[in-house]
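In: below: sequence and its predicted model.
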Amino acid sequence: MTTLAERPTSVSRPIRALFPLVLTKRRLFGWTVAAGLCYHVTAIAAAATGAWLVGEAATGRPPGELAPLLVLLGASVVAAAGARWWQMWIAHDFAYSLLAVLRVRAFQGITRIAPRWLLGRRTADLAGTVMSDIAVTERFYAHTVAPTVPFWLGA
């Protein structure tokens with residue numbers, strides 16, 4: 001029976017094994033991190049502007065004087081939405097470029113073991129299984145690595 005202290009290392013080992021692949025696309029990873037940071041900054045700016053606007057309205061500021069703050073709020077919300085779109089675009093571009101590398105490596109591995117190892121096996125089933133397993137890693141790279149790294153940089 002494993003203890004609780006041993007469990008995280010056994011769970012994190014496969015995840016840590018995927019990180020060296022990130023180094024093959026350093027520039028794209030850098031853009032992914034920059035887009036994530038841009039999104040976080042613009043989202044914070046939108047929230048702060050909204051809070052400022054509410055505070056000014058609550059203290060009794062006349063509606064005419066709130067118009068510039070409304071424009072600023074609108075601009076910051078549009079900027080945050082654009083930054084979020086850019087972050088997801090870059091994160092998926094990054095993830096799919098890594099998937100291409102993984103697919104090439106998988107096919108190279110299959111050709112190294114063929115035909116001796118593949119005798120009696122249906123190669124299409126094997127290739128389909130390998131490709132579907134690789135496609136699952138898109139969620140890891142685009143939806144876990146990309147948003148998490150800017151968070152840790154900002155923390």
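Out: All right, it came through fine. Numbers count the residues shown, from 1 in each chain.
In: what about G82, how many residues nearby?
Out: 13 (other Cβ atoms under 10 Å). All C-beta atoms are positioned from the backbone trio N, CA, C, and that covers glycine.
In: for it, give its distance to V71.
Out: Taking Cβ to Cβ, to the nearest Å as the measure, G82 falls 16 Å from V71.
In: how about the helices in this structure?
Out: 7-18, 26-58, 63-113, 123-140, 146-154 (DSSP state H).
In: tabulate the ones you listed in CSV, adding columns for mean pLDDT.
Out: Conversion of these to CSV gives the following (pLDDT from 0 to 100):
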stretch, mean pLDDT
helix 7-18, 63
helix 26-58, 93
helix 63-113, 90
helix 123-140, 75
helix 146-154, 70
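In: I'd like to know how many residues surround W31.
Out: Around W31 there are 17 residues (other Cβ under 10 Å).
In: which residues sit in contact with the nearest residue to it once chain neighbours are set aside?
Out: In this structure, W31 finds its nearest non-sequential neighbour in I90, 5.2 Å apart by Cβ to Cβ, 6 or more residues apart in numbering. Residues in contact with I90, defined by Cβ atoms under 8 Å, 6 or more residues apart in numbering, are L28, W31, T32, A35, A146.
In: tell me how far I90 lies from T137.
Out: Separation of I90 from T137 (Cβ to Cβ) stands at 17 Å.
In: out of the contacts of I90, flag the one nearest to A106.
Out: Distance to A106 across these (Cβ to Cβ) is lowest for L28, with 20.4 Å.
In: and the closest residue to that closest one other than its chain neighbours, what does it touch?
Out: Using Cβ to Cβ, 6+ apart and skipping the chain neighbours, the partner closest in space to L28 is F94 (4.7 Å). Contacts for F94 (Cβ under 8 Å, 6+ apart) come out as K25, L28, F29, W31, T32, Y141, A142, A146.
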